[in-house]
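In: Give me a model of this one.
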Amino acid sequence: MVLVAATALVAVGCSSSDSGEAKDQIVLADGQELGDFNPLTYYGSLGVSPIYQGLLAPSADDDSRVPDLVPALAESAPQRTAPRVWRVALRSGVTFSDGSTFDAADVVATYDAVRDPKVASEIATDFDPIASIAADGPAAVTVTMATDADPSPYLLLGIVPSEKVQPDPVANWTLNKAPVGTGPYVLKSLDPDQAVLEARDDYWGEKPQLTRVVYTYTPDDNTRAQRVVAGEVDGANLPPKLAASIGKRDGVSIVTAKSADWRGVTLPAGNAFTADPAARLAMNVGVDRDALIRDVLGGAGSPASNPISDVYTGVYDPAAQFTYSADEAKRILDEAGWRPGAGGVREKDGKKAAFELLYKAEDSVRRDLAVAFATAMKPLGIAVTPRGATWDEIRPKVDSVAILLGGGDTPYSIDSQVYDTLHTRTAQSSTYANAGNFTAPGLDALLDESRSSAPGPENDARYRKIQSVYKQQPLAVLLTFLHHTYAVRDTGWKGANPIMEPHSHGVAWGPWWDLTKWERS
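Out: Prediction:
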């Protein structure tokens, strides 16, 4: 990981390096659309946001490990009061940016909303282990778990005022474009291509030195890179190889953050080839993940055989990782009856070893991984046709096409990191959770048992068993855990080291994950 100084600007579109002095503002080029400033739509759902805060927040010195979860809006760590029951005392003196006082009613309303089917939050299943949250007076809440798990990983959700909760689909909420949180910043203006955040004068905690943050929507990767080089912006998220190409320019440094953010190929149940467990095993054995990381990511990644990376100490199983062997992959296909046919494409019972692989068209990393995967499959006699598309086109086709997907949205809970990706779908599952809806013998039962059990050596052993079972009959072809890369200009500020990141996009993380820690160097 490269450590760099944080950055500052003079005015929107003009970096402080142009004037030779450090100001109390930064401008960041963001590849993600602006406007969904709501914890129930992922923004601030893991306790990281300038606008919102959760009961707990992640904390670490660097990205080498899973962060600790420390009190934020909670006064102290959750205290177990009975089997599966925990009490969380709340911090006093906290106010929202609209002047209202934070209390237990806001916590209850937020958690009730995220789990309410009428609200239709896409992160609802992340909180399945919570049975209920109830007020224990205005200054505490009682968390009742549906499992023996520690509730801490589920207490990161940004809290919103109870008065702002709407009994409507979250996509229609006023908070999306007019957020109200307890965090140190407030949204001052929002346009389709720009959002301006300013430090709150009435913030209940210590006011940050960095008083203004401007996000500019810049969807094209190359344009973001050019704007950093030209000094028009002070930072941007970039694909790894593009970031490396500008990292040696004067005043530009690259920050790399390890993540639990995986990329992989989901496989459709409606295709005779990908529905065959032997075919899925052969593809996992027949792709050289190290080569993909070298050639596509410029080394900014690590191999992914399943959703559990090596940062999960005591859980990660090195023996459960796939070893690349094209010859072994061909042998598996031969024995399963998939034999070379016309044009070198394998066939069985009149069905071809062929499928379409869709990816988000404007995502260059997904595009390059999709093309590289298709190239790797061709010598095995598997015809993969990669094609860029929109999510609106991709979503209805999960049963008939493969998709270059990402995951790892909630990596601070090993259960959340694994469950939705590997378990057969539940009523609340998102469209892309285990897109093929495959399973392996005993896998669902192991996942359910692990979810319901308390953390400790016995549960660690279950997660190692999950990896072993998955290796015998994989559901998809996971390829890599990404290292997120950010380009920044050095303009006289010193920021916090990145921590291990989730499946995230844009500039909400990286060196800007905790703006309150920025100081003039």
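In: Please enumerate the helices of the stretch 151-300 of the chain.
Out: With DSSP state H, counting those that start in this stretch as the criterion, the stretch 151-300 of the chain has helices at 221-229, 240-246, 277-285, 289-297.
In: tell me the most buried of those?
Out: Sort these by mean neighbour count, taking mean count of other CB atoms under 10 Å, and helix 277-285 sits at the top with a mean of 23. (C-beta placed from N, C-alpha, C; glycine too.)
In: Quick one: mean pLDDT over it.
Out: Helix 277-285 shows a mean pLDDT of 98.
In: same deal with stretch 196-208?
Out: Stretch 196-208 shows an average pLDDT of 95 in the prediction.
In: I'd say Gly264 and Leu475 touch.
Out: No - Gly264 is beyond contact range of Leu475, at 9.8 Å (criterion: CB atoms under 8 Å).
In: quick revisit: just put the helices of the stretch 151-300 of the chain in JSON lines and tack on distance to Leu90.
Out: Listed next are these as JSON lines, based on distance: least, CB to CB, whole Å:
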{"stretch": "helix 221-229", "distance to Leu90": "40"}
{"stretch": "helix 240-246", "distance to Leu90": "41"}
{"stretch": "helix 277-285", "distance to Leu90": "47"}
{"stretch": "helix 289-297", "distance to Leu90": "43"}
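In: Nearest approach to Val66 belongs to which of these?
Out: Closest approach to Val66 among these is made by helix 289-297 (21.5 Å; CB to CB).
In: Residues contacting the helix or strand just after the closest one, please?
Out: Using DSSP states H and E, the helix or strand that follows helix 289-297 in sequence is strand 301-303. Residues outside strand 301-303 that contact it (CB atoms under 8 Å, 6 or more residues apart in numbering): 240, 258, 289-290, 293, 309-310, 321, 479-483.
In: What segments of the protein are helices?
Out: Per DSSP state H, the chain carries helices over the ranges 104-114, 221-229, 240-246, 277-285, 289-297, 326-335, 364-377, 391-394, 414-422, 443-452, 457-472.
In: out of those helices, which comes closest to Asp126?
Out: Among the helices of the chain, the nearest to Asp126 by CB to CB is helix 414-422 (5.5 Å).
In: Give me the contacts around the closest one.
Out: 125-126, 129, 149, 153, 260, 306-308, 312, 315, 407-411, 429-430, 433-434, 439, 443, 447, 450-451, 463, 466, 470, 475.
In: what inclination does that helix have with respect to helix 457-472?
Out: 20 degrees (axes from the mean of the first three to the mean of the last three CA atoms, to 10 degrees).
In: So for helix 414-422, mean pLDDT?
Out: Across helix 414-422, pLDDT averages out at 92.
In: Also stretch 103-119?
Out: In this model, stretch 103-119 has an average pLDDT of 97.
In: Now do the biggest strand by length in the chain and helix 221-229, the angle between them.
Out: When the chain is parsed with DSSP state E, its longest strand is strand 252-266. Angle, strand 252-266 to helix 221-229, by the same axes, to 10 degrees: 160 degrees.
In: Which elements pack onto strand 252-266?
Out: Applying 3 or more CB pairs under 8 Å, 6 or more residues apart in numbering; DSSP states H and E, we find strand 252-266 packed against helix 240-246, helix 364-377, strand 402-407, strand 477-489.
In: what's the closest of the ones you listed to Pro83?
Out: Set against Pro83 and scored by CB to CB, the helices and strands packed on strand 252-266 come closest in strand 402-407, at 32.0 Å.
In: Within the sheet, what are the partner strands of the closest one, with directions?
Out: Applying DSSP bridges, strand 402-407 is found paired with strand 252-266 (antiparallel), strand 354-360 (parallel).
In: Would you point to the one among those that's packed deepest?
Out: Of the strands paired with strand 402-407, the one with the most neighbours on average (mean count of other CB under 10 Å) is strand 252-266, at a mean of 24.
In: for the stretch 51-200 of the chain, what spans make up the strands?
Out: Along the stretch 51-200 of the chain, the segments classed as strands by DSSP state E, counting those that start in this stretch run 56-59, 68-71, 79-82, 85-89, 130-135, 140-145, 185-191, 194-199.
In: can you redo the ones you listed as TSV with distance to Ala342 and mean neighbour count?
Out: Shown next, in TSV, are the strands of the stretch 51-200 of the chain (distance: least, CB to CB, whole Å; neighbours: other CB atoms under 10 Å):
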stretch	distance to Ala342	mean neighbour count
strand 56-59	54	22
strand 68-71	56	18
strand 79-82	64	11
strand 85-89	62	19
strand 130-135	55	17
strand 140-145	57	21
strand 185-191	55	16
strand 194-199	54	20
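In: Next, format those strands as JSON lines and append distance to Gly341.
Out: Below are the strands of the stretch 51-200 of the chain laid out as JSON lines (distance: least, CB to CB, whole Å):
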{"stretch": "strand 56-59", "distance to Gly341": "51"}
{"stretch": "strand 68-71", "distance to Gly341": "54"}
{"stretch": "strand 79-82", "distance to Gly341": "61"}
{"stretch": "strand 85-89", "distance to Gly341": "59"}
{"stretch": "strand 130-135", "distance to Gly341": "52"}
{"stretch": "strand 140-145", "distance to Gly341": "54"}
{"stretch": "strand 185-191", "distance to Gly341": "55"}
{"stretch": "strand 194-199", "distance to Gly341": "54"}
